[in-house]
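**Student:** Just the structure for this:
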Amino acid sequence: MDTLVELVIEVLFSYPGVGIRWVLHGGKKSYASLLQDDFMYNAFAFFIFLTIVVVLAAF
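**Tutor:** Numbering: from 1, shown residues only. Got it, this is the predicted structure:
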């Protein structure tokens, strides 16, 4: 069950989070090198971005 949850988190949150981190880095670091970081960094970046979008959409 833990493996399934980690896979879902990695697919749904990590890959978009890498894109967000890549934009924030200004494209100076490669997408592949950011993807090799721990998936929780990338998932956290996407979660923060998603939270900001939801809060701004509520107003």
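**Student:** Excluding chain neighbours, give the residue nearest to His25 in space.
**Tutor:** Nearest non-adjacent residue to His25, counting by Cβ to Cβ, 6 or more residues apart in numbering: Leu34, 7.3 Å away. Where C-beta positions appear, they are placed from N, C-alpha and C, glycine not excepted.
**Student:** what's the spacing between the one you found and Val54?
**Tutor:** To Val54, Leu34 is 24 Å away according to Cβ to Cβ, to the nearest Å.
**Student:** quick one: which of the two has more around it?
**Tutor:** Taking other Cβ atoms under 10 Å, Leu34 and Val54 do not tie; Leu34 has more neighbours (19 against 9).
**Student:** Dead centre of this protein: give me the residue that sits there.
**Tutor:** What sits nearest the mean C-alpha location of the chain, by Cα atoms, centre = their mean, is Gly17, with 1.7 Å.
**Student:** contacting residues for that one?
**Tutor:** For Gly17, the contacting residues are Tyr41, Asn42, Ala43, Phe44, Ala45, Phe46, Phe47, Phe49, by Cβ atoms under 8 Å, 6 or more residues apart in numbering.
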